[in-house]
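1. task: produce atomic coordinates for the following.
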Amino acid sequence: MVTWSNLITAVQREIRDETGTFHPSASVTRYLEWSEAALNIRRVLYERTTTVTLAADQPFFTIHADTPTPALSPSLPLFIIPLRITLSNTPLRPTSIATLSRAKADWWSTPGTPESYAMVGSTMIAFYPVQVSSTDVVITYLAYPPTTTTTPAAGTSPVIADEWHQALELWGQALALGKEAEYQKAVAKLNEFVRAIGIEREVRLLSGASVKAPETIQEIVTKVED
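-> Below you'll find the model as predicted:
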């Protein structure tokens, strides 16, 4: 298994700073953790599942408090977005507050068994209908990978699968090179990174491009693919 130490050494070797003079291990660790987070958000590689109890007659469940370190909240640690929510093994339907409000003005006081859920900003989840007694639901969510900042005992290796580890190195190298003002090399590494994780490039933002009318976009894409 590849460890953070292995990845740090690989990045420092690639940028020719094996002694960590300009990029000590602590800095490279942060570069790699940022890389893992970006890759995880793009590919949904790290999820967590937690059972939580909804209080009776309360339409909102608080994901985390508005504190300097909300990721440390015990309810849904390192939460990003919900992927699925079930009640008694039955999936709830995702919706939005706007949709609920248009369908029923007093949705937040309608009693029943929850059938749908909606995000409220990034700190709460609303449930409709509103449970009349305490109810357990199982929430599976995309989670921020543990880091040395959010979770000191994060472990010795990335949480994502081994096949993605080389991509982590590319991001780390890009950040290190950018810090040294080696911008062309940094951009080249970033290009390698986005290709490695499958991020499509927006042709309208390429060098020398200008904003095109919608009907011309497909033509540009076709020419690039050819």
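2. all helices of the chain, in order?
-> Secondary structure of the chain by DSSP state H: the helices cover 4-14, 25-43, 97-103, 165-179, 183-197, 214-225.
3. ranking these by burial, who's on top?
-> Comparing those on average neighbours per residue, with mean count of other CB atoms under 10 Å, the densest one is helix 165-179 at a mean of 22. Where C-beta positions appear, they are placed from N, C-alpha and C, glycine not excepted.
4. by contact count, what packs against that helix?
-> Contacts defined by 3 or more CB pairs under 8 Å, 6 or more residues apart in numbering; DSSP states H and E place helix 165-179 against helix 4-14, helix 25-43, helix 183-197.
5. with adjacent residues omitted, what lies nearest to the residue nearest the centre of the chain?
-> The chain has I41 as the residue nearest its centroid, 3.1 Å off, counting by CA atoms, centre = their mean. Once flanking residues are discounted, I41 sits nearest to I80: 6.8 Å by CB to CB, 6 or more residues apart in numbering.
6. and if you look at K179?
-> H23 (7.3 Å).
7. hang on, that neighbour packs against D17?
-> Yes: counting by CB atoms under 8 Å, H23 does reach D17; the two are 5.2 Å apart.
8. mutual contacts of the two, please.
-> Counting by CB atoms under 8 Å, 6 or more residues apart in numbering, the common neighbours of H23 and D17 are A176.
9. okay, those two: which has more neighbours?
-> H23 (22 against 16; other CB atoms under 10 Å).
10. run through the residues that contact that one.
-> 11-12, 15, 17, 31, 176, 179.
11. give me phi/psi at it?
-> Here is the backbone geometry of H23 (degrees, to the nearest 10): phi -130, psi 80.
12. pLDDT at K104, what is it?
-> pLDDT for K104: 90.
13. that one: what's it in contact with?
-> Contacts of K104 by CB under 8 Å, 6+ apart are T110.
14. hang on, the earlier thing: count the residues that sit near the residue nearest to I41.
-> Per other CB under 10 Å, the neighbour tally for I80 reads 19.
15. that one and A143 touch, don't they?
-> Yes: shown here, I80 and A143 form a contact pair, counting by CB under 8 Å, at 6.3 Å.
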